[in-house]
Structures are given as structure tokens and as C-alpha cells.
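**Student:** return a 3D structure for these sequence lines:
(4 chains)
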2 protein chains.
Amino acid sequence: MGRKPGGATGRRAAGDVFHSDCPARMVLDHVTSRWGVLILTALRDNDLRFHQLRTCIEGISEKMLSQTLRLLLRDGLVRRTVVPASPPQVSYGLTSLGTAIAEPLDALIVRIGTHARHIMAAQTAYDSI
Amino acid sequence: MGRKPGGATGRRAAGDVFHSDCPARMVLDHVTSRWGVLILTALRDNDLRFHQLRTCIEGISEKMLSQTLRLLLRDGLVRRTVVPASPPQVSYGLTSLGTAIAEPLDALIVRIGTHARHIMAAQTAYDSI
DNA sequence: CAGCATCCTATTGGATACTG
DNA sequence: CAGTATCCAATAGGATGCTG
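**Tutor:** This next block holds a predicted model:
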């Protein structure tokens, strides 16, 4: 992403452009999508089954859950395991790649949590103008 | 976020629920919105003016830029500085709060960049099934 | 230059119903 | 249980034109 030479790695330089056709932008969109963040961080500590995820992530619909899971599956961030039983048990977990991505996401959420009060104060201050 | 006791800080526990009405969820949505991520990381290294941001972030429209900036301004993540001149110069930068939030985001982008090839390989593998 | 207002389309996403 | 399919409402977001 960014400067052409140097391959896929490294920091961006100041004033660098985020190319809209960059494949990384697409992955970023999946990962930072409304439900992508929550799914990835929910799976951070342990595998979960479909309906556990649905319960764990308040507000998500079945449609969005399966849709987003499929996206993350395709990106190789999430792994799907089927235990053939009756009824069959399907569980989802992070791949090593998924863990690598989920880590900074988790850090982000923790940080937002830490500063939540501060942020809400900023909001009311802004609104009172 | 998460377990009721313990205030705004701390890690989430396994199986914890992401409450949809949590103010942190709202901030998370702003921050991880399609353009929010890009704006915050673009401002990571130095302040930028409106049209510099517009150029720097490929694909963003004026509308979404000003709209998202207003949101981040309200959350206290971004600071707006006006130099009264003719024409007036307005520049945007991160607050200390914004920097704290942008850090893990930047880590995320770097990580996606690092694994980009790996991810694209996973995609084509998935599609070939 | 820095931006807001309006219009209109495309995409997101929820509710519901149904299948293996 | 673990989803898929369809329909419809809400929102995101682009194009354009205008203001200080």
C-alpha cells in the first residue's frame, strides 16, 4: 500500500496516497466493516458456534453474520470447522492470519474503552456550541 | 463495554457480549467507518488541509470528507485549526486522544499490508472451490 | 480554498420465511 | 442447529451547484 517500490511491507510515507483499487483497501473494508471488527474480536479468545456468535454480538442479524463470515473465510482470516453429528456442529475460529489481524483490532477496542468517558465528554462539549 | 462492573477499562472476558447501545460501539463505528480509518491514519504523521486530505485519500468525496471530519471532530479525535488569511487556511490534525486511537489502526493497516499476498492467495484458493 | 445543501442512486442491512 | 433466499426499508454515498 502506498509507495510503489518496496513491495507489500513497510510504513506509509507522509503525504502518501491510499489507492482506492488497492487489494489491501478491500481487505481493510472487510475487516473494519461494522460486523467484521466484532466477529474477529469475538473469536479472539476461543472458537464459537454460529448461534453463540449471534448471541455474543448483540444486534447482528443471521444474514449479516453469515455474509460477513463468508467474507472473512474467503480472506483466510477465519476457519470453519464442522463436526458431523446430528444436528451437525459448526464452529468458527481465527486462523493464524486472523489472529495477526485481530490483535490490533482488539487493541483498538480496549483503547476506545479506556477513553470512552473522555470521548463522551468531547461530544457533549462539541454539542453545546 | 462488556462486563458491567469495573468501569470503562479492562479486557473483555470470553463469551462477553458487545452491547449494541454501548457508546463505545458508536465511537467504534465512527473510527472504523470506511473513511474514518483512512482519515485518522492519514493525519497520523502530520496535519493536512482539506484538499490535501481529499487528494491523499483516493476515492473520497467532499461530502464524505467533511461529514466524517465533523464526526471525528465531535468525538474529540481530530482538531481543526484555522489560519485567518485570504483565502483562509484550515488544517486538520489529531488530538492526543486521536493519536491514541490512530496507533492501533495504523498497526492494523501495516499488518494487512504485510499479509496482503497471503490474503490474496487465500481468496483465490477459496474461489477455486 | 473550504465547505454546505440538494437530489438521487446504490448498497447495506433487517425481517421473515424456508431448507438440509 | 446452521444456515439460504427473498423482499423491503434505511443509510451511505456520489454528482452537482452554490457560498463566504
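
**Student:** show residues contacting the top helix by length along chain A.
**Tutor:** Longest helix in chain A by number of residues (criterion: DSSP state H): helix A:96-114. By CB atoms under 8 Å, 6 or more residues apart in numbering or on different chains, the surrounding residues in contact with helix A:96-114 are A:31, A:37, A:40-41, A:43-44, A:72, A:76-79, A:94, A:119, B:1-2, B:8-12, B:24, B:27-28, B:31-32, B:100-101, B:103-105, B:107-108, B:111-112, B:115, B:118-119, B:122. Any C-beta I mention is one placed from the backbone N, CA and C, and that applies to glycine too.

**Student:** hmm, try it at 7 Å
**Tutor:** For helix A:96-114, contacts defined as CB atoms under 7 Å, 6 or more residues apart in numbering or on different chains pick out A:31, A:37, A:40-41, A:44, A:76-78, A:94, B:1, B:8-9, B:11, B:24, B:27-28, B:31, B:100-101, B:104-105, B:107-108, B:111-112, B:115, B:118-119.

**Student:** parallel or antiparallel, which strands does whichever strand or helix holds residue A:80 pair with?
**Tutor:** Residue A:80 belongs to strand A:78-83 when assigned by DSSP states H and E. Here strand A:78-83 is paired, per DSSP bridges, with strand A:89-94 (antiparallel).

**Student:** list of residues touching the strand it pairs with?
**Tutor:** The contact list for strand A:89-94 (CB under 7 Å, 6+ apart) reads A:43-44, A:47-50, A:53, A:69, A:77-83, A:102.

**Student:** same check, this time on stretch A:115-129
**Tutor:** With CB under 7 Å, 6+ apart as the test, stretch A:115-129 has contacts from B:8, B:23-24, B:27, B:73-76, B:97, B:100.

**Student:** quick check: which element contains the spatially most central residue of chain A?
**Tutor:** The centre of chain A sits closest to residue A:37, judged by CA atoms, centre = their mean, with a distance of 2.7 Å. Here residue A:37, judged by DSSP H and E, is contained in helix A:34-42.

**Student:** is DNA strand C contacted by that helix?
**Tutor:** Yes. Applying CB under 7 Å from any atom of the strand, one finds helix A:34-42 touching DNA strand C at A:34-35.

**Student:** in that helix, what counts as buried?
**Tutor:** Neighbour-count burial for helix A:34-42 flags A:35-42 (criterion: 16 or more other CB atoms under 10 Å in any protein chain shown).

**Student:** surely residue A:75 meets residue A:27?
**Tutor:** Yes. If you go by CB atoms under 7 Å, residue A:75 and residue A:27 touch, sitting 5.8 Å apart.

**Student:** that older thread, name the next helix or strand downstream of the longest helix of chain A, please.
**Tutor:** helix A:116-127.

**Student:** anything in that following helix near DNA strand C?
**Tutor:** No. Figure legend: helix A:116-127 not in contact with DNA strand C (CB under 7 Å from any atom of the strand); closest approach 12.9 Å.

**Student:** buried residues, that helix. List them.
**Tutor:** Neighbour counts over helix A:116-127 (16+ other CB under 10 Å) mark A:116, A:118-120, A:122-123 as buried.
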